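Colleague: model the following, please.
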Amino acid sequence: MPALWDYENARVAGGSYDRPFFERFQWGMIEKTPGNFDFYEPDRAVTDAQSCGLHILANIQPFAPWDQEICHGSQLTDTGLPGVQCTRYKPCDMEAYANFVIKLVERYDGDGIDDMPCLTVPIKHWELMNEPEFQTDPIYFQGTPADYVDTLKVTYEAVKQADPGALIVQGGMAGMFEQCTDFWQGVFDAGGGDYIDIMNMHSIGHGEHLNIPAFKQFLEDNNLGDKPIWVTEVQYQQAQQTQGYTNEEFAKILARSYIFALANGVDKLFYVNIRMPPGDHLGTPFDERSALITDDGELSSMFYAHLTISDILGALDLDDGDTVEIIKETVDDWFIVNGQYKFTVGGRTVYALWGSGSLPAEITGEVRVIDITGTETIVDVASIHLTDSPIFILLD
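Modeller: Sure thing, here's the model as predicted:
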């Protein structure tokens, strides 16, 4: 996220999805005046992503200036960002908004009817807004949980009308802060969970655990624990625990974090900043030390850790017979100190191991070992000593 900075290497690193800038799928950026649609920006995003085989998680922004003025004209809010919608309340004309959503989804659903020219990778996942619980800077939505549910229900029904196979992703929850849980509890209390197919968490500097244990409990408490979980923003540098860390240290963090997430039921992970944006980075709360590509275009240690995990565990599908066993797991406040996991992926057994202590007793003799750089060796188990850098032991 976003793949825009390097589409080709996003794919080479094992990525399969892009989460483009939210404005690409904003109502008013496409339907600039009532009934006049301009799909140039979303078409460009889809064309660029599919050229490298990337799918898109599209973020619907249900805001259009001409619509907001109907019932929110006296509630203008200055976002301080040029060209960005200055009010972000729920749509005034829900019928017009639903019509927009139907046309948007129809253009990218791949059914051959009114599709974007040369569409080869349809959009099948639609996210409604980003972190809508933030009612102050940054302003992503100005409304109550009930307002979000009103918009969500209309969005869900319009998306399903245009493409019954498409899925609705929860507008990324910014973390497990009280501000976040209070808002989303209101959404779930109002029945919003009925209109979400995939639950969505963010973790920017919150820890290697990515908020997953607390988020899963929150969902269980709301009878939503059976829904898939995605983490659509993953970043580690914006944390007091990682100040001064090198790219090599962040590579270990990414490896531990991704393995932990996959072992604990997360379906997809979206890493924030494949590389830093071109130009001035002032104000960005992380730098090239936590990027997969350096500012000079070199592939970093994080790149190879990301690629290695994608190669080994990327095909994991617990709904298709694959399994995971948590043998040993120690989570402190921020780090995953010990991890021992046994995966079966496509019939192959893979152990992911790090921390202290001995290897699982069932691993014996000479084994195939791959470290997070992708380097492969054949060694005797007696010579293996676990460290804070994960290794994979593959039993074919």
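Colleague: just for the stretch 251-396 of the chain, where's the confidence low?
Modeller: Within the stretch 251-396 of the chain, the set of residues satisfying pLDDT under 70 comprises 281-282.
Colleague: show me where it has helices.
Modeller: In order along the chain, the stretch 251-396 of the chain carries the following helices (DSSP state H, counting those that start in this stretch): 301-313.
Colleague: against residue 37, how distant is residue 25?
Modeller: According to Cβ to Cβ, to the nearest Å, residue 25 and residue 37 sit 13 Å apart. C-beta: built from backbone N, CA, C; applies to glycine.
Colleague: more neighbours, the two?
Modeller: With neighbours defined as other Cβ atoms under 10 Å, residue 25 and residue 37 compare such that residue 25 has more, 24 against 12.
Colleague: distance of the nearest residue to the more buried one once chain neighbours are set aside relative to residue 16?
Modeller: The shortest distance from residue 25 to any residue other than its chain neighbours is 4.8 Å, reached at residue 58 (Cβ to Cβ, 6 or more residues apart in numbering). As for residue 58, its distance to residue 16 is 15 Å (criterion: Cβ to Cβ).
Colleague: out of these two, which sits in the more crowded spot?
Modeller: Higher neighbour count among residue 58 and residue 16: residue 58, with 25 against 12, using other Cβ under 10 Å.
Colleague: domain parsing of the chain, as residue ranges.
Modeller: The record's domain parsing of the chain by automatic domain parsing lists 3-315, 336-395.
Colleague: roughly how far out does the shortest one sit from the chain middle?
Modeller: Spelled out, it's domain 336-395. If you compare the mean C-alpha spot of domain 336-395 with that of the full chain, they lie 27 Å apart, counting by Cα atoms, centre = their mean, to the nearest Å.
Colleague: now do the end-to-end distance for that domain.
Modeller: The distance separating the two terminal residues of domain 336-395, taken as Cα to Cα, to the nearest Å, comes to 24 Å.
Colleague: just stretch 383-391 next, same as before
Modeller: One end of stretch 383-391 sits 13 Å from the other (Cα to Cα).
Colleague: so which bits of that stretch are buried?
Modeller: Neighbour-count burial for stretch 383-391 flags 384, 386, 388, 389, 390, 391 (criterion: 16 or more other Cβ atoms under 10 Å).
Colleague: stretch 34-53 now?
Modeller: The neighbour-count criterion (16+ other Cβ under 10 Å) identifies 39, 41, 42, 43, 45, 46, 48, 49, 50, 52 as the buried residues of stretch 34-53.
Colleague: output the residues you listed as TSV; include the columns distance to residue 144, pLDDT and secondary structure.
Modeller: Formatted as TSV, the entries for the buried residues of stretch 34-53 read as follows, by distance: Cβ to Cβ, whole Å; pLDDT from 0 to 100; DSSP: H, G, I helix; E, B strand; the rest coil:
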residue	distance to residue 144	pLDDT	secondary structure
39	31	98	coil
41	30	96	helix
42	29	98	helix
43	34	98	helix
45	31	97	helix
46	33	98	helix
48	36	97	helix
49	34	97	helix
50	37	98	helix
52	40	96	coil
